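>>> could you look at this predicted model? Sequence included:
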Amino acid sequence: MSSYKKFEIRKRDPDPKSAALLVIDIQNHFGSMARPILPALNATIDLCRRASLPVFFTRHCHKSPDDYSMLYEWWNGDIILDGTLESQLIPDLHRTEADSVILKNTYSAFRGTGLEERLKEMGVKEVIVSGVMTNLCCETTAREAFVRAFRVFFSTDATAASSLELHEASLKNMAYGFAYLVDCDRLQEAFS
């Protein structure tokens with residue numbers, strides 16, 4: 001049994017009439033983490049599309065030293081510069097030209113992006129969080145969604161971190177205080 005399962009005491013299915021899928025930072029920079037989850041992530045995207053959920057992709061990038069914030073210091077200057085190959089979404093991702101791509105320069109997909117306003121204008125009340133890194137951008141986005149009064153669902157098989165230990169630590173946090181955990185099978189049941 002996975003270590004996060006004992007914290008998964010709440011169960012609920014997302015409502016396709018009021019949910020949106022957030023696909024966080026599936027970029028070339030994170031390719032080594034993202035590629036192993038691509039089958040589950042693309043299945044999640046396809047399931048959500050078939051259920052008519054809006055799908056939003058994020059791209060983490062920095063345009064100038066003015067927006068480096070603490071990330072530059074924290075990651076010893078290893079940041080993703082906009083316009084580079086590293087900043088682009090992975091080509092094998094099931095994305096269409098009609099999909100929205102939200103640019104962000106911090107861990108949260110909500111901070112300074114207009115995402116909250118767009119979701120509320122669309123009547124979205126629930127978000128399903130997927131992508132990388134489980135313990136940084138995905139967890140921060142999920143927490144921010146929760147404090148903004150969105151019901152949060154967090155994917156266990158369409159998220160990834162640099163280690164299983166960090167991935168499962170975040171899943172414990174999410175299940176304990178912020179999100180209902182889901183996977184492809186659970187979404188398929190919920191949407192059928």
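Perfect, thanks for sending it. Numbers count the residues shown, from 1 in each chain.
>>> could you say which helix or strand holds residue 2?
When secondary structure is defined by DSSP states H and E, residue 2 falls outside every helix and strand.
>>> ok, now residue 155?
Counting by DSSP H and E, residue 155 is found in strand 151-160.
>>> which strands or helices does that strand pack on?
Under the contact definition 3 or more C-beta pairs under 8 Å, 6 or more residues apart in numbering; DSSP states H and E, strand 151-160 sits against helix 38-50, strand 126-132, helix 139-147, helix 164-177, strand 180-182. From N, CA and C alone the C-beta is placed, and that goes for glycine too.
>>> could you give the angle of that strand to helix 164-177?
Between strand 151-160 and helix 164-177, the angle formed by their directions is 170 degrees, by axes from the mean of the first three to the mean of the last three C-alpha atoms, to 10 degrees.
>>> compute the inter-axis angle for strand 151-160 and strand 126-132.
For the pair strand 151-160 and strand 126-132, the angle between their directions (the same axes, to 10 degrees) equals 20 degrees.
>>> what pairs with strand 151-160, and is each one parallel or antiparallel?
strand 126-132 (parallel), strand 180-182 (parallel) (DSSP bridges).
>>> mind checking the ones you listed for the one nearest to residue 2?
Nearest to residue 2 among the strands paired with strand 151-160 is strand 180-182; the distance by C-beta to C-beta comes to 9.9 Å.
>>> helix or strand right after that closest one?
Of the helices and strands lying after strand 180-182 in sequence (DSSP H and E), the nearest is helix 184-191.
>>> give me the mean pLDDT for that following helix.
Per-residue pLDDT values across helix 184-191 average out to 95.
>>> for it, which residues meet the burial criterion?
Judged by neighbour count using 16 or more other C-beta atoms under 10 Å, the buried positions of helix 184-191 are 184, 186-187, 190-191.
>>> same question, stretch 36-44
Buried residues in stretch 36-44 (16+ other C-beta under 10 Å): 37-38, 40-44.
>>> quick one: list the elements packing against the helix or strand of the chain with the lowest mean pLDDT.
Of all the helices and strands that make up the chain, helix 69-74 has the lowest average by mean pLDDT, DSSP states H and E, namely a mean of 80. Here helix 69-74 touches no other helix or strand, going by 3+ C-beta pairs under 8 Å, 6+ apart.
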